[in-house]
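Participant: can't give you the sequence, but here's the structure:
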């Protein structure tokens, strides 16, 4: 499942994002914060990244 958040300001990242620094970085790059959620027997696993309509979901690389 892909969950894309409609974030427009950095303050919104602090209010509800699980990983605010990822959310803010997506905003600074002109993208939207997103979570890819996979469900396993031991519970859900979330991968955090950014989303654009052109490229879809991408995981942020460490810089």
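Facilitator: Yep, it's here. Everything numeric in this text was worked out from a predicted model, so none of it was measured.
Participant: The lowest-mean-pLDDT helix or strand in the chain packs against which elements?
Facilitator: Ranked by mean pLDDT, DSSP states H and E, the helix or strand of the chain with the weakest confidence is helix 10-16, at a mean of 89. The contact analysis (3 or more C-beta pairs under 8 Å, 6 or more residues apart in numbering; DSSP states H and E) places helix 10-16 against helix 20-28. Where you see a C-beta, it was placed from the backbone N, CA and C, and this is true even at glycine.
Participant: Past the helix it packs on, which element shows up next along the chain?
Facilitator: Sequence order places strand 32-40 as the next helix or strand after helix 20-28, per DSSP states H and E.
Participant: Not counting the least confident helix or strand of the chain itself, show me its contacts.
Facilitator: With C-beta atoms under 8 Å, 6 or more residues apart in numbering as the test, helix 10-16 has contacts from 5, 7, 20, 23-24, 27, 33.
Participant: So which bits of that helix are buried?
Facilitator: For helix 10-16, burial by neighbour count (16 or more other C-beta atoms under 10 Å) applies to 12-13.
Participant: where's the dip in pLDDT among the contacts of helix 10-16?
Facilitator: Note: of the contacts of helix 10-16, the lowest pLDDT belongs to residue 7, at 81.
Participant: Let me know how buried it is, in neighbour terms.
Facilitator: Neighbours of residue 7 under the rule other C-beta atoms under 10 Å: 20.
Participant: got the contact list for the residue nearest to it when sequence neighbours are not counted?
Facilitator: Of all residues not flanking residue 7 in the chain, residue 33 sits nearest, at 5.3 Å (C-beta to C-beta, 6 or more residues apart in numbering). Residues in contact with residue 33 (C-beta under 8 Å, 6+ apart) are 4-5, 7, 13, 17, 22-23, 26-27, 48, 50-51.
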